[in-house]
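Sequence unavailable; structure follows:
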């Protein structure tokens, strides 16, 4: 294998990696706040809100992400009466599926973080005369974030790898270009190059979250 061959196959795969990165950022930026909203709903004193949030989390975590992507890409348009208004670009549909799926996982992570905080923290805040808003924003949420950060890091790395599922709905991403090169050239080297690119992306994320952990004194 010549250097020229590696350069020829790496160019298109880097183009596909750009789609992977865009999907990752869109999904992570939208699913984290949405997940926190569902965490608040689960803990809400309004029972219907808690039931809806729990049902949502159960369904999204209990069914495969691939199935959810196929539903949004190909299922919504065939719903009677309203299906024609629900047609989306496949990349947009995939982004929606990723956001809704990962929001459910982040909701559980944040809920676990809240449960890990000692109830004495709330009592101490009351003794200090802090209201509910200040208690949450100044005491509870910072601690929840520190507790949840390692799990958030793991989910973010999993999200990078799950972007390969775009291949199943014919969105040209990194794995698509690798498979095309393998079929064309009858060599596994494009898969190796794709694996290296995925490893580099996850390495960047790992280093980023390590810095965050050091900042919040995990080490």
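Now that the structure is in, tell me what you want to look at. Being a predicted model, the structure only gives us computed values, none of them experimental.

so how far is the helix of greatest length in the chain off the chain centroid?
Criterion DSSP state H: the longest helix present in the chain is helix 3-42. Centroid displacement of helix 3-42 relative to its chain, using CA atoms, centre = their mean, to the nearest Å, is 9 Å.

Please, where are all the helices along the chain?
Counting by DSSP H, the chain has these helices, from start to end: 3-42, 47-62, 65-70, 90-115, 119-127, 132-134, 141-162, 174-185, 189-215.

right, so these: which one is the most enclosed?
Burial of the helices of the chain is given as mean neighbour count (mean count of other CB atoms under 10 Å); helix 90-115 ranks first at a mean of 21. No exception for glycine: its C-beta is placed from N, CA and C like everyone else's.

elements contacting that one?
Here helix 90-115 touches helix 3-42, helix 47-62, helix 65-70, helix 141-162, going by 3 or more CB pairs under 8 Å, 6 or more residues apart in numbering; DSSP states H and E.

need the contact list for residue 172.
16, 19 (CB atoms under 8 Å, 6 or more residues apart in numbering).

One more: the one 4 residues further on?
For residue 176, the set of contacting residues under the criterion of CB under 8 Å, 6+ apart consists of 16, 166-167, 170.

isn't residue 20 right up against residue 178?
No - the pair residue 20 and residue 178 fails to qualify as a contact (CB atoms under 8 Å) at a distance of 11.5 Å.

sorry, back to before: export the helices of the chain as TSV, with columns for distance to residue 80.
Output for those, formatted as TSV (distance: least, CB to CB, whole Å):
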stretch	distance to residue 80
helix 3-42	28
helix 47-62	21
helix 65-70	19
helix 90-115	19
helix 119-127	49
helix 132-134	45
helix 141-162	31
helix 174-185	33
helix 189-215	40
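
would a markdown table of the ones you listed with mean pLDDT be doable?
Shown next, in a markdown table, are these (pLDDT from 0 to 100):
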| stretch | mean pLDDT |
| --- | --- |
| helix 3-42 | 89 |
| helix 47-62 | 94 |
| helix 65-70 | 93 |
| helix 90-115 | 92 |
| helix 119-127 | 70 |
| helix 132-134 | 70 |
| helix 141-162 | 89 |
| helix 174-185 | 86 |
| helix 189-215 | 90 |
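
Can you say which of the ones you listed is nearest to residue 82?
Proximity to residue 82 (CB to CB) singles out helix 90-115 among these, at 15.4 Å.

now the angle from the closest one to helix 47-62?
Interaxial angle, helix 90-115 versus helix 47-62 (axes from the mean of the first three to the mean of the last three CA atoms, to 10 degrees): 120 degrees.
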